[in-house]
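**Student:** Predicted model and sequence below, questions to follow.
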Amino acid sequence: MEALLKAPLTSRVYEVGDFAAAQELYHSNGWTDGLPVVPPTRDAVDACLDWALMSPDQLIGIEPVRAQPITAEKLAINAVMAGCLPMHFPVVATAWQAMMKDEFLLHGVTSSTGGCAILVIINGPIRLEIGASGSFNALANSDRATAVIGRALRH
């Protein structure tokens, strides 16, 4: 477990003065869907990786078009930016592992001009643990968990 906590992150680091400057950096680089982005600090990324018991270099899958590796570090950065808490990250990682399978046809989903959307069904004790609603507005942003997990999977 100690090695997991000390594993180096390899992603580029951007220094900004404050939260507003971070938002401007994200918007000017096209790194947001228009909503505010949570800065992916080392502590926040480490917290997600620790919660899921994943090392930064753990391979989640290979993106099918450009054959780019998707690592736990990159996925955790994206999840933090989407607003995920550490407890949400295992759901994001599991969904991405499923989405990387050939049967899912990730390229078709991500490049569709027909308005394709991803549906993830969260069931069992994890749904209650993370506070995902299974009632009113269950297929939309009815609570923080489904809103941020959905955002992490779309971007």
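**Tutor:** Received it, and whenever you're ready, just let me know what you need.
**Student:** alpha carbons only for contacts and neighbour counts from here, please
**Tutor:** Will do.
**Student:** avg pLDDT for the strand or helix carrying Val148?
**Tutor:** Assessed by DSSP states H and E, Val148 sits inside helix 144-154. Mean pLDDT, helix 144-154: 90.
**Student:** Over to stretch 124-140?
**Tutor:** Stretch 124-140 comes out at a mean pLDDT of 85.
**Student:** first to last residue in that stretch, what's the distance?
**Tutor:** Stretch 124-140 has an end-to-end distance of 19 Å (Cα to Cα, to the nearest Å).
**Student:** Name the next helix or strand following the lowest-mean-pLDDT helix or strand in the chain along the chain.
**Tutor:** Least confident element among the helices and strands of the chain, by mean pLDDT, DSSP states H and E: helix 2-6 (a mean of 53). Sequence order places helix 19-28 as the next helix or strand after helix 2-6, per DSSP H and E.
**Student:** okay, that next one in PDB with CA atoms only?
**Tutor:** The C-alpha trace of helix 19-28 is given here as PDB (Å, rounded to 0.1, in the frame of the first residue of the first chain):
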ATOM      1  CA  PHE A  19      -9.500  29.000  -9.000                       C
ATOM      2  CA  ALA A  20     -10.500  31.700 -11.500                       C
ATOM      3  CA  ALA A  21      -7.200  31.400 -13.400                       C
ATOM      4  CA  ALA A  22      -7.600  27.600 -13.500                       C
ATOM      5  CA  GLN A  23     -11.100  28.000 -15.100                       C
ATOM      6  CA  GLU A  24      -9.700  30.400 -17.700                       C
ATOM      7  CA  LEU A  25      -6.900  27.900 -18.500                       C
ATOM      8  CA  TYR A  26      -9.400  25.100 -18.900                       C
ATOM      9  CA  HIS A  27     -11.800  27.100 -21.100                       C
ATOM     10  CA  SER A  28      -9.000  28.600 -23.300                       C
END
